[in-house]
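S.K.: attaching a predicted model along with its sequence, questions to come.
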Amino acid sequence: MKRILIVGPLPPPYGGISVYVSRLSAKLREQCVVFNTAGKKSFAGLFRRLKFFLCIDKHTVVHYNSSSWYAAVPFLIWCKIRRGVFVRNTHGFWQVAEKMPGMKKAVVRFIAKKSDKIICVSEKDRQALVSLGAAPEKMHVIPPYLAPDPSELTTGWQAVCLGGNDSAKHSCDAAEVIITANASALNRDRDGADLYGFDMCVRLMRRLHRELPDKRIAFLFFIPGMNRAETESAVFPETGEIPERFHILTGPRTLWPVFTAANLFVRPTTRDGDSISVREALSFGVTCVCSDAAVRPEGVHVFPSRNQEAFNELVISLIRKGNLRKQNSTGTDYFEEILDVLLPCHPERSEGS
């Protein structure tokens, strides 16, 4: 019988939660099974859920990572019936907590109270759930970063990240500075602003061409959750023309290998959780520039969200100073902290886990 049943999305597409679930399940190996919530719902999916439910017993930990609180209810109730342990993992919940409708708030309050343990990716998540009735003693604040396995990179980073994009490869081969950013898809936030700041990145690149014309700069913007046609139709009209050496890379692809070569990672989001991409870039020694839409890890250069001028000036000043790549670091991997919550240290915890 599997010890841990993980509920959450697996890549593709590559997003923060799906990468977290994928890496956690890989590290747990034979101790876990994953119920993949990505993709379209179907009769086969209902059968998979039934099979998954039947695996739950009093020795089972159900680790729920999906963003849907409503979908968590049947997992929680069945887990309680079978006397399993239900662990809710939040991924940036605080950003939606204040504007939730009454029904959803009631569901969240129910899950917060009935969960056996809750893992929050930030202190803000913890505070939001405590305010809804979660007991502080069962809360654990653990960032979601799990280091990638370097053995996965069997070819050069360009083959993995750029695929057949010869134009992007040529720009990177000639570049003195490689800037990268990512978005799961091109979306607007509740106020109509570009959620991931794609428009701000385009304007930044235009400014870099004017301010630093002698610098050979390549910009790689990854959108793994969309294909080329979807991206072209989704680019917001106010973004304007895409500048030279600004490359949009779409479709499922692994992002982390680009950090072995990139100099700068930017994340001008309007709202955010504890971004795995930011922690990943830092762990590879890449300089990070992020909006203040979330509490950022130590070492990140921060600017006010949606402030284009502040964003531009900060990036330009960093490029002019040079030395953007720091000595590579392994970063902080939080696997042991997560494991201590899922499988507290006791004789049954398997060796080598």
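M.R.: It's in.

S.K.: helix or strand: which one has Ile248?
M.R.: Using DSSP states H and E, Ile248 sits in strand 246-250.

S.K.: the helix or strand just after that strand packs against which elements?
M.R.: Scanning forward in sequence from strand 246-250 by DSSP H and E, the next helix or strand is strand 264-267. On a contact count with 3 or more C-beta pairs under 8 Å, 6 or more residues apart in numbering; DSSP states H and E, strand 264-267 meets strand 177-182, helix 276-283, strand 287-291, helix 308-321. Where C-beta positions appear, they are placed from N, C-alpha and C, glycine not excepted.

S.K.: which residues does strand 264-267 contact?
M.R.: Outside strand 264-267, the residues within contact range by C-beta atoms under 8 Å, 6 or more residues apart in numbering are 177-182, 196-197, 201, 204, 259, 275, 277-278, 281, 286-291, 311, 315, 318-319, 324.

S.K.: again, 6 Å this time
M.R.: Residues outside strand 264-267 that contact it (C-beta atoms under 6 Å, 6 or more residues apart in numbering): Ile179, Thr180, Ala181, Val278, Ala281, Val286, Thr287, Cys288, Val289, Cys290, Leu324.

S.K.: average pLDDT for that strand?
M.R.: The average pLDDT for strand 264-267 rounds to 98.

S.K.: so that it lines up with my notes, have the first residue be 615 from now on.
M.R.: Yep, numbering from 615; the last one is strand 878-881 now.

S.K.: export it to CSV, keeping only CA atoms.
M.R.: Below are the C-alpha coordinates for strand 878-881, written out as CSV (Å, rounded to 0.1, in the frame of the first residue of the first chain):
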residue,chain,number,x,y,z
LEU,A,878,18.9,37.8,-15.3
PHE,A,879,15.5,36.5,-14.4
VAL,A,880,12.6,39.0,-14.2
ARG,A,881,9.1,38.4,-12.8
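
S.K.: note down every partner strand of it and its orientation.
M.R.: Here strand 878-881 has these sheet partners by DSSP bridges: strand 791-796 (parallel), strand 901-905 (parallel).

S.K.: pull out the buried positions in the helix or strand following the longest one.
M.R.: Spelled out, that is strand 791-796. Per DSSP H and E, the first helix or strand lying C-terminal to strand 791-796 is helix 812-825. For helix 812-825, the neighbour count (16 or more other C-beta atoms under 10 Å) marks Phe812, Asp813, Met814, Cys815, Val816, Arg817, Leu818, Met819, Arg820, Arg821, Leu822 as buried.

S.K.: quick one: which of these is nearest Val916?
M.R.: Distance to Val916, by C-beta to C-beta, is smallest for Met814 among these, at 14.3 Å.

S.K.: now do the contacts for the closest residue to the closest one other than its chain neighbours.
M.R.: Distances taken as C-beta to C-beta, 6 or more residues apart in numbering place Pro882 nearest to Met814, at 4.4 Å, with adjacent residues excluded. Contacts for Pro882 (C-beta under 6 Å, 6+ apart) come out as Gly811, Met814, Ser905, Phe925.

S.K.: could those residues go into CSV alongside distance to His915 and pLDDT?
M.R.: As requested, the contacts of Pro882 are arranged in CSV below (distance: C-beta to C-beta, whole Å; pLDDT from 0 to 100):
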residue, distance to His915, pLDDT
Gly811, 15, 96
Met814, 15, 97
Ser905, 11, 98
Phe925, 10, 98
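
S.K.: and the next element down the chain from the helix or strand of the chain with the lowest mean pLDDT?
M.R.: Between all helices and strands in the chain, the lowest mean by mean pLDDT, DSSP states H and E belongs to helix 657-668, at a mean of 69. Per DSSP H and E, the first helix or strand lying C-terminal to helix 657-668 is strand 675-678.

S.K.: just after that following strand, pick out the following helix or strand.
M.R.: Per DSSP H and E, the first helix or strand lying C-terminal to strand 675-678 is helix 686-695.
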